[in-house]
Every structure is written in structure tokens, then in C-alpha cells.
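> With the sequence up front, the predicted model follows.
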Amino acid sequence: MPAVSKGDGMRGLAVFISDIRNCKSKEAEIKRINKELANIRSKFKGDKALDGYSKKKYVCKLLFIFLLGHDIDFGHMEAVNLLSSNKYTEKQIGYLFISVLVNSNSELIRLINNAIKNDLASRNPTFMCLALHCIANVGSREMGEAFAADIPRILVAGDSMDSVKQSAALCLLRLYKASPDLVPMGEWTARVVHLLNDQHMGVVTAAVSLITCLCKKNPDDFKTCISLAVSRLSRIVSSASTDLQDYTYYFVPAPWLSVKLLRLLQCYPPPEDAAVKGRLVECLETVLNKAQEPPKSKKVQHSNAKNAILFETISLIIHYDSEPNLLVRACNQLGQFLQHRETNLRYLALESMCTLASSEFSHEAVKTHIDTVINALKTERDVSVRQRAADLLYAMCDRSNAKQIVSEMLRYLETADYAIREEIVLKVAILAEKYAVDYSWYVDTILNLIRIAGDYVSEEVWYRVLQIVTNRDDVQGYAAKTVFEALQAPACHENMVKVGGYILGEFGNLIAGDPRSSPPVQFSLLHSKFHLCSVATRALLLSTYIKFINLFPETKATIQGVLRAGSQLRNADVELQQRAVEYLTLSSVASTDVLATVLEEMPPFPERESSILAKLKRKKGPGAGSALDDGRREPSSHDINGGVEPTPSTVSTPSPSADLLGLRAAPPPAAPPAPSGAGNLLVDVFSDGPAAQPSLGPTPEEAFLSELEPPAPESPMALLADPAPAADPGPEDIGPPIPEADELLNKFVCRNNGVLFENQLLQIGVKSEFRQNLGRMYLFYGNKTSVQFQNFSPTVVHPGDLQTQLAVQTKRVASQVDGGAQVQQVLNIECLRDFLTPPLLSVRFRYGGAPQSLTLKLPVTINKFFQPTEMAAQDFFQRWKQLSLPQQEAQKIFKANHPMDAEVTKAKLLGFGSALLDNVDPNPENFVGAGIIQTKALQVGCLLRLEPNAQAQMYRLTLRTSKEPVSRHLCDLLAQQF
């Protein structure tokens, strides 16, 4: 970087900054700033041409004023003029001003781009670096489109200076993260890999960052980087601290580059080449050996750099999971950190050991540290470290130590922080169910959970214990006795009352022979809690009472008296009133045989995987799969839930309306309609006749919304049948969308019904309807062949952060689709907040023994949640002026791709979702619309104006909303329709 000469000091700027600092009040500061702004404006507008120094000085003052929080609405052109200067300081200030103040939609962007192009072509390394820094700092799509093809050439050019290569690599990385589609993959990709061999360590460091990001999306294009990364890592690890003096940090050679290389290697499986793999293993062993050496410095920077490399090395060892010796050594090294005085090291050690515990090679080694981890759970001051200790106990648990770990976690639960109690409860419930051989221990554990932390025991937990007790004859009597004793406590949690009410209502007869738990005693014990409970629990207890009349006829008169009481028959809650009336009538009118038939014992629930594990995964987030699942242990016939522990690909992820516990019986699948012909499977679905209407037909808005809202089951005895959805695979588990996916998606922006995809094997049709922030979609899969589809599995995937923006509940379809047949899948959709990318639909099946798969973009776009809004012309223009900020407006001028027909345009705008407002625009040829995007989190108002020019065959589309991303996205969506 050129040194700033003595004459470049700006005295006027220094005086101005000193004046601002000496201001005694905010008013004095504003007065001084306004005076300076007036002076600068007069200088810029004066007849006398300013020299470069003066422009630089005044632009610097404007920049300083902006950084103080004041708006700057002039001086942009002068800053752009500084870019053409040949003086470094003037050009630097110009680029700095542009990077901070110029909006990507500015009219000056073309001039700026020309100046940047000139500097990139100048071959002056200093000017090239300034231009690259500006591109990276602004990072707009417009700049990406202008320079995405030039920067790779600069990066791999043989005559580029090292500093330019560094800046080019980081600039390209910034553009790729902002707009991946703008960075073209080409010949330069192979050449950029060879930058790992560059002599300049700064170039290598920047190149590794770029390659790590690129290879995540295109791993095959950069596969050759593995051997080069291993080679470079080997040279760094084996070097002495004096070999790389410029890049040695507190006696640790190139720590940042080492960490980046180790992360790059984690993007790929272990090297296939034996020589490369051997060299890599040698590197990893060297790092582990160096960790045992005494420190070369007592400075914290030395230990931080050394430990950063060590933990990244352990992450790579865990990622490969193929070297037992390294895994055990890594575990032993982490074990030493568990008692380290540094809190961060203890936290990282616990976190890494959680992952090691899932490996069959290192699980036993992890278990040797159980006492240390339990001690950490009890004595750690930091709540986050205690939480990681609980995670590690959960991960290392197996049949040999389950009772010890569950006991310790229950003991810790009594004093645990409120923020993590629910998670501890879920983990204890999962471990107790998973490793229980003695079912009485399982029942005791769950009842203890409710006693200790009843407020944090979710419905999934106590539903599950009811399901297991119902399905196990040998534990029913013990459960009834235990819950009866628990209910005798003076202070009894409501969840305990729910469990007690259900179990005694079903199996109270098993303990009725004991005078201490006779039927009248059971009833009086439950009824003593009645007035303290919520409406849902009271409803469950009323169901228990009518069950008692069937089990214990001697209690009939007492219970009828309770049901007949005015507080029940005239209860303000309709549900309680209806139950009291119906149960009283049933007990009075029905014969003993009828009563026994109606109130017979609940049948066993179908054996299904536990939903508590799915709830814990949702709570821990998408990256928690390896720590929560334990696929290395073999399934045992003693598992309470009767099945193999579910893996991440099979565990369901229920929505609020899904059957979380497997308590509901799945309805039999509807028979597919008889096809009219293999070539035209969906004709009947999209016809207007009544026979073609599924259950979705046009209904009142209230009925539609209530139909989509999740049902609220009052008790396990009254749950509705609703199969749980299958878990979505992650975006990394499916292939990229087919090339024509965007084109197919665009067809559905302004309509809800049609054929989404069709080839020689399969036809996929869509029929959907949306109200406010909710929607329901029917997908129809038609087999166009005469051969049966096997393992047919359509799944919906949420890429990126879409899961927090859009909730999609799917229902399973039959895994076999006969030739010429059609199956239907229902999707319930809820828009949580505004989103930009649609969910993906992955369809996999086997046809004639060969696997088939395709990925489409599901036609769910943000405009589907438009609520049309009518408004008068005055209200429209008033709102239009309110949305006048530059970031609130998106505008496109584009050529018509279809014949310009007013009626067709009107139909498309209505299909887009907005209301068309008449007599608002002075030009009757223009279209004006208004609407509100309805999401669960917020509402986004939207105004649009479409100006067709039939003579030029052009459109101008302007959208204004209260959120910038929504404006741009809606504008892009709608512009593609014309």
C-alpha cells in the first residue's frame, strides 16, 4: 500500500472533526454540521473548478458526517469523479465513499462500473485491489453481473500480483455468497485449485476460503484439491515455527491456514489414494502428538492457536470415522480438557465428545469419562457447559449405564436452569423408554419426571407413557398402583392428574381389590383434584368417571350425582357441559351390556416410533442428528416401543396437528380412481364437473381456515385419526432441481391448478387453494406405465432457512403405485413469515428395478398468500406516498414475451392475488392493484402499478411494499408472467 505523503494531510478535515468533538450539545453539533454542508454544497456548485485535493477533502467531510448518523443527499458525483484520479489517496477516498453511501439502485452505478473496469484493466496492482475491494464491499447483484466473468480471469492470470490474487479470491467469494448463480463455473475452476501450491501463503489462505465455499455446491469440480490440501497441510504441520516466520503466530505456524485446510478436507470423504491417505493420517497424528508437548509460550494466544488446530483436527477425524486408533486418541485428548481450568476448552471438549460417542470405534472410550461428566453436570457454573454435559451423558448412554445416567439427570433436574429443563425432560423420557428392561422402572421414571418438573413435561411425554402402559399387560397393574400412590401427595401436578385419570379409568379395576384403593377411594381421590384442574383435564376426568360406572357399578349413584350437579350441566364451557349431559344420559338409559360395549377397554395402540425423539431433534435444530441418534447399537427385542431406534431418515417430524405419539389409528387409504387412460390421467381431476372435485371444493373462508387449524385433542382417549407425516430429507440428501424447474414453477404463479410435471413414466398434477396465511394443496401422482412403481416416496424439502418461514405438513402416500393408477397426497401449508425460495418436491421410486428420482420446485410462492384489498383512489395515493423509500420500491421495464391483451393481463393480475382498482390511475390503459401478504408473524402491504406500452411492446412494472426483499421478489415473479 503506498505511503501517504506529508502533503496529503487534510487540515480542513482535522479542524472540522475537532470542532465537532468540542461541541457541548447536540444542537451545537447539528448547527456546525449544517454550516459545513452549506459550505460544501456551495463549493461543489461554484463556478470555480475544484482540484482533486479539495474534492477529496470535501468528500471526506461528507463521509464523516454520514458516519455521525446524518443523511447525505449530494456529493456522489464528486466521489465518482475521484475514481478517475491517478493519485492513490484521491482514488481511495472515492472508493470508500461509494462503498459506504452509494445504493445498488443508484443511477451512478453505470459510471462506477466503468471506473472499476478501467482500474481492473490498468494492471496497476494498487488500483486493481481498490476496485476489487469496492466490488466486494458493495456486493450487489448488479456488480456481480458486471464483473463475475472478469474476476476469475484476474485470479488465475499468470501475471497477477499476489496481493491482487488475494483480493480477487475474496471478492469472488463475496459475490458467490451473495449470488451463486452469477459466478460461472468454467476452465478457471481447475486452475484455481492449483493456487493451493502458490508460494505466497496469503494467496493460499484466500484460495482455500474460496474453494471451501465452491466445493460445497460443486464437489466433483474441485475433487483434485484433496491431494493438494493434504500436501500443503503436511508441509505446515511438519515445519518449525521459524520456517514460516511471516505467518507464524505465537510459535504456531500458519494456524488460520491450517484450520481452513482441515475444514476443506471435511467437505469430502477420506482420500481414496493410499499414499495421500497415509500422508493425511501422519499429519493428524503429528497434530495430536504436538498437543501433548509442553507449550512454547505461556501467552493465551499460543494456546488458542494450538487448540484451534487440534479441535479442527478432531473434527476431521470424527468426520472420517474410519481410523479407530485416531478416534480413541482424540477421545483421550478431549478427556484431558474436561478438567481444564479454561471454560471454553471444557465446553468444546464436551461438544466434540458428544459426536465421538456416536462412533462404534470410540463409544467405549467416551464411556470411561462418565464420572467426570457427571461431576461437570453437578458443579459447572456456566449453564452452557452443564447443557453440553447433559448432551454427552445422553449420547454415551447404553444399557450398561442407563439407570445411572437417568438417575443423575433426574437429580440434576431438580436444580437445573429453567431454560434447559424441557430438554432434560425429553432426554430422560427417551433414555428411560429406550433402555428399559424393567417396565416398572420406566413408569417410576416418568412419574418422577412429572413430580420433579411437571411444568416441563410436554404432552408427547405423558401420551407416550399411556401408550406403553396400554400396550403392556405386565405393567398395567403396577402403573395403576404407582399412580394411585402419587395422586395422594398434597401437591400434585396437573399432568400427574391426567396420567392418573387415564390409567385408573382403564386399569383401576386391577387394584380395586385392596381396601386402600377401592373404587370409592379411587373416585374420591380423583374428584378431589377436579376443581383445581384446567378444562381439558376436567374433560378427561369426566371420561374417567363414566369409565368407572362401567368398571365399578357401585359408584354409579355417586358419579351420576356429580354429573347431575348444576355446575356440570350448566357449565359455561360447552365441552364440559356436553360431556356431562351425554355421560349422564348414557349411564341412565343404556343397559349394562351396551355400556360395557361402548366403554370397553382401549385396544393396544399400533407400535410406532417414539415422537419424543422427533420433538427433541426439532428443539436441538437440524444439526443435532448425529448427537441424538445412536445407530451403532444393535436393536433389542427388549425395547419398549418394540422397534429399532429410528434413524434421521425415518423419524417423523410432526406439525402441531400431526399424531405425535402414534395414538391415532391411521385411516385406510382411499382406493385410487379408475384411470380413464394411461396417457391422460389427470383429466378428471381438473375438470369443472362435480365428480372431479375432491374435498377441497369452494367453501366459506371460515370453514377453510378452521379445517386447516390443528385439532386440539382433549385427551388420549379422544384423539382423532391423522397419520403423522414422514420426515423430510435435508436439501443435501436430494439432487438439484431439474433444469426446467423454474419454468414449471412460473406456470403456477398466477394459477393454482394444472399439470406440474409429465414425462413418459409419471404425471404430477396440482390442485390448491389458499386463504390468508394458510393453504391446502393436493398433489396427484399418476403412473403412465403398465408396470407398478415400487418404493414410491414423494417428500417435501425446505432448503436453507425456509423451515422457519414456511410450515408444510405432508401426509404419506402408498409406497406402491399400480400401472395406470393414481395416488393423491395432501399438503397443509402455513406461511410463518415472508420467504423467497419455494420448497422442493423430491419424488423417488423404482421402475422395473431401476431407481428413478426427480426434484421439482413446489408451486408455493409468496403471492399465494395475497389478500386482495379494495381502496379508493385517495387512499391508494396516500399509501403510495408513504411507501416512498428507495428500498421499498422495485421497478422493472421489460419487453412483452406474449401478445399484449388487456383481458389476459387482467386475469393474470387477479390470479397473482391482488385486487384490481378501477378509476385510480389517470391513464385507463394502466393497471393498479393492492393487497396484503398474510403471514403468521406479520402482514406486508403491497401496491402495484403495471403500465403497458402497446406501441413499443413494453411494460413498466412498479411494486411498493413495506419490506425490501418482498418488493423485489414480487416484482421478479410478476414480470415473468408477461
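Now that the structure is in, tell me what you want to look at.

> Going by C-alpha atoms from here, please, whenever you check contacts or count neighbours.
OK.

> Counting neighbours, what do you get for residue 959?
Around residue 959 sit 25 other residues, with neighbours defined as other C-alpha atoms under 10 Å.

> Distance-wise, check the residue nearest to it when sequence neighbours are not counted relative to residue 869.
Of all residues beyond its chain neighbours, the one nearest residue 959 is residue 944 (4.4 Å), with distances taken as C-alpha to C-alpha, 6 or more residues apart in numbering. As judged by C-alpha to C-alpha, to the nearest Å, residue 944 and residue 869 stand 12 Å apart.

> Settle this for me: residue 897 is touching residue 978, isn't it.
Yes. Contact status for residue 897 versus residue 978: in contact at 5.8 Å, counting by C-alpha atoms under 8 Å.

> Low-confidence stretches in the chain?
The chain contains residues with pLDDT under 70 at 1-9, 104-106, 241-243, 607-733.

> Now the most centrally placed residue in the chain: phi and psi?
Taking C-alpha atoms, centre = their mean, the centroid of the chain lies closest to residue 801, which sits 3.9 Å from it. The phi/psi pair for residue 801 (degrees, to the nearest 10) reads phi -90, psi 20.

> quick one, helices of the stretch 851-978 of the chain?
Assigned by DSSP state H, counting those that start in this stretch, the stretch 851-978 of the chain shows helices spanning 873-882, 902-912, 964-975.

> closest one to residue 220 among those helices?
Each of the helices of the stretch 851-978 of the chain was scored for nearness to residue 220 using C-alpha to C-alpha, and the closest is helix 964-975 (31.7 Å).

> Mind listing what's buried along stretch 419-426?
Under the neighbour-count criterion of 16 or more other C-alpha atoms under 10 Å, stretch 419-426 has 420, 421, 422, 423, 424, 425, 426 buried.

> so what's the first one up against?
Taking C-alpha atoms under 8 Å, 6 or more residues apart in numbering as the criterion, residue 420 is in contact with residue 387.

> is it true that residue 763 lies in a helix?
No. Per DSSP: H, G, I helix; E, B strand; the rest coil, residue 763 lies outside any helix segment and is strand.

> bridging residues for the closest residue to it other than its chain neighbours?
Spatial nearest neighbour of residue 763, chain neighbours left out: residue 782 (5.0 Å); criterion: C-alpha to C-alpha, 6+ apart. Residue 782 has these beta-bridge partners by DSSP bridges: residue 763, residue 822.

> Residue 782 contacts residue 816, correct?
No. Judged on C-alpha under 8 Å, residue 782 makes no contact with residue 816 at a distance of 11.6 Å.

> which stretches of the stretch 51-200 of the chain form strands?
In the stretch 51-200 of the chain, no strands are defined using DSSP state E, counting those that start in this stretch.

> if we can go back for a sec, need the max-distance pair from the buried residues of stretch 419-426.
Based on C-alpha to C-alpha, the longest span within these runs between 420 and 426 and measures 10.2 Å.

> OK, contacts around residue 573?
Shown in contact with residue 573 (C-alpha under 8 Å, 6+ apart): residue 535.

> now do the one 3 residues further on
Applying C-alpha under 8 Å, 6+ apart to residue 576 gives the contacts 535, 538, 539, 568.

> For the strand or helix carrying it, buried residues please.
Using DSSP states H and E, residue 576 maps to helix 574-589. Under the neighbour-count criterion of 16+ other C-alpha under 10 Å, helix 574-589 has 576, 577, 578, 579, 580, 583, 584, 587 buried.

> what does stretch 887-898 give?
887, 888, 889, 890, 891, 896.

> How about stretch 51-60?
Neighbour-count burial for stretch 51-60, with 16+ other C-alpha under 10 Å as criterion, is recorded at 52, 53, 54, 55, 56, 57, 58, 59, 60.

> Make a markdown table from the residues you listed and add distance to residue 239 to it.
As requested, these are arranged in a markdown table below (distance: C-alpha to C-alpha, whole Å):
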| residue | distance to residue 239 |
| --- | --- |
| 52 | 50 |
| 53 | 49 |
| 54 | 52 |
| 55 | 51 |
| 56 | 47 |
| 57 | 49 |
| 58 | 51 |
| 59 | 48 |
| 60 | 46 |
